[in-house]
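[1] When you get a sec, could you give me coordinates for this:
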Amino acid sequence: MNLSLLDRSRTRVGSPDADALPATVARAGHAEAVGYERFWVAEHHGVPGIGSGTPAVLLAAIGARTSRIRIGSGGVMLPLHQPLVVAEQFLVLDALHPDRVDLGLGRSLGFTAPVRRALRRDLDAPDSFEDDLAELRSYLAGEAEVTARPATRRSVPMYLLATGRGIDLAARLGLPVVVGGPILDSEELPGALNRYRRQFRPHLGSEPWVTISLDVLLADDDATARELALPEAWAMARSRREGEFPPLEPVAAIRGATWPAQVQSRVEASLDRTVAGSPATVRRRLGPLIERTEADELMSSASTYDRDALLASDRMLRDLVD
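    Model (predicted):
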């Protein structure tokens, strides 16, 4: 099974937002050193807990500090961009880092109403996502009326971040699919993925490819790993209570805070969804999911306040999957 990481450039309490970016670059270098196949970064706008909203810029820095690992977006939110501009950005990346660049694409419109207004995106706007994907593909392949430059004989691989009907869209377009979030627990997922593989329409020789993305954290024992998962679970619970996704906090500060009953229940539910534990526990929990989805690739999207512990977890996961 292929193994990859998705890094959201999480900010941390007590540190400038900018500190998240060199940390992401350093984590990519570490991922390459321990043998990961792929390292992706995300696009989020106006979110206090996330330091980067521009995957292409960050990937240029990551590519310059690595030499082998594939790099990509998880993902570029295509409804917020013109397809030609996205094509140009990723063709530049591909020219700088040949045969290493992936273009993961999603359809999110932004975290809050003010962000959507700032991005000039109306929730009531017509859904042109499928048409935009086709247009983007034509630019990358050099088949459009306008030639996106730098022109190349290669075509940057596109991946579709999907839930629900997006899985069927990936099949129609012959695209690899990345599946994450609540749908991973859905009883309907195996059927949707079977349908994806059965109805897949190859494009230029493409084949079905399923990546499952979820938070995976490892430590020497289950209790320590669960503590590593706490900062992200706490941030998620606070975002649902306060409407703003915050920076990560140290475990000690979280344990010393007041936990309203609703926050407590949300934190515990989030911790239960995270695959956190010793290597034996993580193997036991991942096995049924991988078997149920027949996934080709596992992408860990986990984060924690302690960056050294995160790197150690990345190494342990690589060793486990090996």
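[2] Angles on the backbone of V101, please.
    Dihedral angles of V101 (phi, psi; degrees, to the nearest 10) stand at phi -100, psi 130.
[3] my guess is it meets V156, correct?
    Yes - when contacts are counted by CB atoms under 8 Å, V101 is listed as touching V156 (5.5 Å). (Glycine included, C-beta is placed from N, CA and C.)
[4] Find residues that contact each of these two.
    F90, L93, D94 (CB atoms under 8 Å, 6 or more residues apart in numbering).
[5] now these: which count as buried?
    Buried members of the shared contacts of V101 and V156, scored by 16 or more other CB atoms under 10 Å, are F90, L93, D94.
[6] can you list those residues in JSON lines and add distance to D308?
    As requested, the buried ones among the shared contacts of V101 and V156 are arranged in JSON lines below (distance: CB to CB, whole Å):
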{"residue": "F90", "distance to D308": "32"}
{"residue": "L93", "distance to D308": "29"}
{"residue": "D94", "distance to D308": "33"}
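[7] From those residues, pick the one nearest P208.
    Within the buried ones among the shared contacts of V101 and V156, the smallest distance to P208 is 22.6 Å, found for F90 (CB to CB).
[8] Could you pull out the strands in the stretch 51-200 of the chain for me?
    According to DSSP state E, counting those that start in this stretch, the stretch 51-200 of the chain carries its strands in the segments 70-77, 101-106, 158-162, 177-180.
[9] closest one to V210 among those strands?
    Nearest of the strands of the stretch 51-200 of the chain (CB to CB): strand 177-180, 5.8 Å.
[10] Can you name every helix or strand that the one helix or strand T24 maps to contacts?
    Using DSSP states H and E, the element containing T24 is helix 20-34. The contact analysis (3 or more CB pairs under 8 Å, 6 or more residues apart in numbering; DSSP states H and E) places helix 20-34 against strand 2-7, strand 38-41, helix 55-65, helix 307-321.
[11] what bits of the stretch 51-200 of the chain have low per-residue confidence?
    Filtered on pLDDT under 70, the stretch 51-200 of the chain yields the residue ranges 110-111.
[12] now the helices for it?
    55-65, 83-96, 113-118, 129-140, 165-173, 189-199 (DSSP state H, counting those that start in this stretch).
[13] The fourth one - contacts with which helices or strands?
    For helix 129-140, the contact count by 3+ CB pairs under 8 Å, 6+ apart identifies helix 83-96, strand 101-106, strand 158-162, helix 165-173 as packing neighbours.
[14] Dump these to a markdown table, plus distance to R137.
    What follows is those, written out as a markdown table (distance: least, CB to CB, whole Å):
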| stretch | distance to R137 |
| --- | --- |
| helix 83-96 | 9 |
| strand 101-106 | 10 |
| strand 158-162 | 6 |
| helix 165-173 | 8 |
